[in-house]
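Novice: Curious how this folds, go ahead:
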Amino acid sequence: MTSDKSPPFQPPDTGSVSLADANCIVLRIDARGRVLSLNPFGLDFFGYGEAEILGKPAVGTIIPKKDTAGNDLETMIDHLLRSPEDYSHQINENRRKDGDRVWVVWSNRAFRDETGKVTEILCVGNDITDRKAFESVLEETRLRLTATIQEQNTRLQEANERLEKEVAERKKIQQALEESRDRYRQLSKASTEGILFHDNGILIEFNDAFADLVECPRKELIGMDIIRHFVSTDDQEQVQRKLASDDDQIYEITARSATGRTFPAELRSRSGELAGRPYRVVTVRDITHRKKTERQLIQSQKMEAVGTLAGGIAHDFNNMLAGIQGNVEIIRHQLSPQSPHQKRLSIISQILQRGAKLSGQLLGYARGGQTELCEINLNRLVEDTLEMFGQAHHQITIETRLSPDTPSVSGDRTQIEQVLLNLIINAVHAMPTGGQLAIETHVTVLSAKEKREYEIIPGRYAMLSVRDTGHGMDQETQKQIFEPFFTTKAQGQGTGLGLASTYGIVKNHKGYIEVFSEPGLGSQFNVLLPMSDRADKTAGLVDAMTGKGSETIMIVDDEQDFLDMGRDMLVLLGYTVITAGNSQEAIARFQEQAGKVKLVIVDMIMPGPAVDDTIRRIKEIDPSVPVLLSSGYSQDGEGARKLMLRCNGFIQKPFRLASLSKKVRELLGSAQNENP
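Specialist: Numbering: from 1, shown residues only. Predicted coordinates:
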């Protein structure tokens, strides 16, 4: 920069300064902006002959009146000529003779005469077009990164300022760019997504997050073919097609690390150009957790939908069984014990029990159906179950490893026993010619840090393991075994409900079930049930009185067949019975017999007003009357749980005469104790 006290102008000494040898642009312009001289390097750079440029205004030849951004360069040059000290250093767009736009960083010095008037300005320039192109690519990339990357703008600006001071040496400019690139790489560590630049699949640059994803040292990655090394074989053709397209892309693939680990990945890719060289910038996100969550959601929705269907089927089936069972019970009690029909009625009753068991499996899958909760000693349950099972399957060698440290669990003993039986039966069917069956129990601890295919609640669990040496299963079969009605057995040899109900029971006991199997190597099922927080004790069922009675009972049900059968069963037990086929009739008849009705048996699902409203109105008329809820659904369903807030007991269809008698005497006895 030259001040007002600069020495009088002296013409440049061309003997001491060799412009021809300068490896940069050396331009002299007079006070009106006309070109006095341009060294050979500059002439070659701008594409002019000496005769074409000397004496011509700089603006309109090597300097456009406006740059591509619309900035007024003509005004800027005018300011420079009037106040050169304000423009000692500058960067602006220039123009070659062929019209190409180039960027030059200039260092300017003004020369004045004895009066202080500017006579000419010496401008020394260096081409930074490549650097400007690179800066443009960096700017585009920065907009795609996180907010922390914005700090790089400041650092890049600092790097630019240093570069402007080092224009005389091209090597220093390149070094500063490399330093800037290193700082950019450091900032990219803040991103949890892998970021990479590649040219037709050949890796150019990347961040540390990408190196961590593919588990490969940084020094080995540069120049690698990312498609061949880090994309699964099945997806390589797809990725190649994406590379051939210039569109911005978001797609999923199965990625592969250097160690052979595969994982689902989401790729975001867009094209760009760096110094005339095409490239693509890609972000890579490991979506393992998201995929697992999606699978769990889909499976949960599918199981819930099938569960709702299974529950509905079981409800209707139970209602039909209830009608048959009740009529069988009535006929058996009306016939003499020596009647030849008693044997056939016993056979019908056994068939009904098998039907009820099948229906129970459906309800166990759909809602869990927990009705009798108690403390369960798994070791004792295994021993009791095997005592019965071992006598019927001599071709199976059974080995048990029951840890004394196995904690008790809280649940429905009958259902947990059903889980064990289902797993044992499944194992026996897998070994038609015999084999080894191993049953093991022990305590295990699930930690939040464990990686599993399902979400877990950390804590202590009791594990029940059943392992066989049967034919095993492939991965596709394992994905379907817990779905209702899926079976690998021949037609007529299985319902496909065993493992489905097992899954439903374990899930509703807040547990988990795992399967490990390979074709030809057998299978192992692990059931994990949360440890009970109460003392280890086995609660038995309290036997109720089973005698007859003489009280008045109202039974409410919209199915006439069941209503008639229920009335006959209660009459057989000695009770006076009032029937009602709907809610309105029930309320009207109860009001007529206010004080006489000692118990109301009501079906959980009926047309018309909501059942809970019917129960509420009955309780308003006589708050002391007990209500027994009856349904083909299980007590653990959401509808039953709400109604049980107003009811005094629950009996599930189909029920036998003895069960009905016990339940009725329980509630009538409780009512008498509360109202002496």
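Novice: Quickly find the element holding K291.
Specialist: helix 288-334 (DSSP states H and E).
Novice: For the stretch 401-550 of the chain, which segments count as helices?
Specialist: Here the stretch 401-550 of the chain has its helices, by DSSP state H, counting those that start in this stretch, at 413-429, 475-478, 498-508.
Novice: List the buried residues of the first one.
Specialist: Right, the one you point to is helix 413-429. By neighbour count with 16 or more other CB atoms under 10 Å, helix 413-429 contains the buried residues 413-416, 418-420, 422-424, 426-429. Just so you know, the C-beta spots here come from the backbone N, C-alpha and C atoms, and that holds for glycine as well.
Novice: Stretch 43-58 too?
Specialist: L43, F45, F46, Y48, I53, A58.
Novice: So what's the gap between it and the chain middle?
Specialist: 67 Å (CA atoms, centre = their mean, to the nearest Å).
Novice: same deal with stretch 131-141?
Specialist: Counting by CA atoms, centre = their mean, stretch 131-141 comes out at 37 Å from the chain centroid.
Novice: List the buried residues of that stretch.
Specialist: Those would be R131, K132, F134, E135, V137, L138, T141, for stretch 131-141 by 16+ other CB under 10 Å.
Novice: repeat for stretch 289-297
Specialist: In stretch 289-297, counting by 16+ other CB under 10 Å, buried: K292.
Novice: Please report how far the residue nearest the centre of the chain lies from V428.
Specialist: Nearest to the geometric centre of the chain sits T293, at 2.0 Å (CA atoms, centre = their mean). From T293 across to V428, the span is 36 Å (CB to CB, to the nearest Å).
Novice: And for T259?
Specialist: Distance from T259 to V428, by CB to CB: 41 Å.
Novice: what about the strands in the stretch 401-550 of the chain?
Specialist: 409-412, 435-446, 459-468, 512-517, 523-530 (DSSP state E, counting those that start in this stretch).
Novice: would TSV of the ones you listed with distance to M554, mean pLDDT and mean neighbour count be doable?
Specialist: Output for the strands of the stretch 401-550 of the chain, formatted as TSV (distance: least, CB to CB, whole Å; pLDDT from 0 to 100; neighbours: other CB atoms under 10 Å):
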stretch	distance to M554	mean pLDDT	mean neighbour count
strand 409-412	30	84	23
strand 435-446	48	90	17
strand 459-468	45	90	21
strand 512-517	44	87	18
strand 523-530	41	91	21
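Novice: among those strands, which is nearest R277?
Specialist: Checking these against R277 by CB to CB gives strand 512-517 as the closest, at 51.2 Å.
Novice: So which residues lie in contact with that closest one, not counting its own?
Specialist: Strand 512-517 is contacted by residues 454, 456, 461, 472-473, 478, 481-482, 502-503, 506, 523-528 when judged by CB atoms under 8 Å, 6 or more residues apart in numbering.
Novice: Return the list of strands paired to it, each annotated with direction.
Specialist: strand 523-530 (antiparallel) (DSSP bridges).
Novice: Just the residues contacting the strand it pairs with, thanks.
Specialist: Against strand 523-530 from outside (CB under 8 Å, 6+ apart): 378, 409-411, 416, 419, 423, 426-427, 430, 444, 446, 457, 459-468, 470, 472-473, 506, 509-517.
Novice: and the angle for that strand with helix 413-429?
Specialist: 170 degrees (axes from the mean of the first three to the mean of the last three CA atoms, to 10 degrees).
Novice: Now the helix or strand following strand 523-530: buried residues?
Specialist: For strand 523-530, the following helix or strand on the C-terminal side (DSSP H and E) is strand 552-556. Within strand 552-556, the residues that count as buried by 16+ other CB under 10 Å are T552, I553, M554, I555, V556.
Novice: Check which helices and strands strand 552-556 is in contact with.
Specialist: With contacts taken as 3 or more CB pairs under 8 Å, 6 or more residues apart in numbering; DSSP states H and E, strand 552-556 sits against helix 560-572, strand 576-580, helix 583-592, strand 597-603.
Novice: Please identify the most buried of these.
Specialist: strand 597-603 (a mean of 23; mean count of other CB atoms under 10 Å).
Novice: Now find how far off-centre that one is within its chain.
Specialist: Using CA atoms, centre = their mean, the offset of strand 597-603 from its chain centre is 48 Å.
Novice: give me the low-pLDDT residue ranges for the stretch 351-500 of the chain?
Specialist: 351-373, 388-394, 450-455, 483-498 (pLDDT under 70).
Novice: Sticking with the nearest residue in space to R268 that is not next to it in sequence, tell me its helix or strand.
Specialist: Leaving out its chain neighbours, the residue that sits closest to R268 by CB to CB, 6 or more residues apart in numbering is T283, at 4.6 Å. T283 belongs to strand 277-286 when assigned by DSSP H and E.
Novice: what pLDDT does R534 get?
Specialist: At R534, the model reports a pLDDT of 58.
Novice: er, G99 actually
Specialist: The per-residue pLDDT reported for G99 equals 91.
Novice: A265 is in contact with the residue nearest to R268, correct?
Specialist: No - the pair T283 / A265 is not scored as a contact, 10.0 Å apart, by CB atoms under 8 Å.
Novice: more neighbours, these two?
Specialist: Comparing T283 with A265 by other CB atoms under 10 Å, the one with more neighbours is A265, at 24 against 20.
Novice: Is that one bridged to anything, and to what?
Specialist: Those that pair with A265 in a beta bridge, by DSSP bridges, are I253, D286.
Novice: wait, it sits on R285?
Specialist: Yes - the pair A265 / R285 is scored as a contact, 6.4 Å apart, by CB under 8 Å.
Novice: So which elements touch the helix or strand harbouring H229?
Specialist: Assigned by DSSP H and E, H229 falls within helix 226-230. When contacts are defined as 3+ CB pairs under 8 Å, 6+ apart, helix 226-230 packs onto helix 236-243, strand 249-256.
Novice: Identify the residues contacting that helix?
Specialist: By CB under 8 Å, 6+ apart, helix 226-230 touches 196, 198, 201-203, 214, 216, 236, 239-240, 243, 255-258.
Novice: Mind checking what secondary structure Q338 has?
Specialist: With DSSP: H, G, I helix; E, B strand; the rest coil as the basis, Q338 sits in coil.
Novice: okay, the buried residues of stretch 43-58 in CSV with distance to L221, secondary structure and pLDDT next?
Specialist: As requested, the buried residues of stretch 43-58 are exported to CSV (distance: CB to CB, whole Å; DSSP: H, G, I helix; E, B strand; the rest coil; pLDDT from 0 to 100):
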residue, distance to L221, secondary structure, pLDDT
L43, 45, helix, 93
F45, 38, helix, 93
F46, 42, helix, 94
Y48, 46, coil, 94
I53, 49, helix, 93
A58, 48, coil, 91
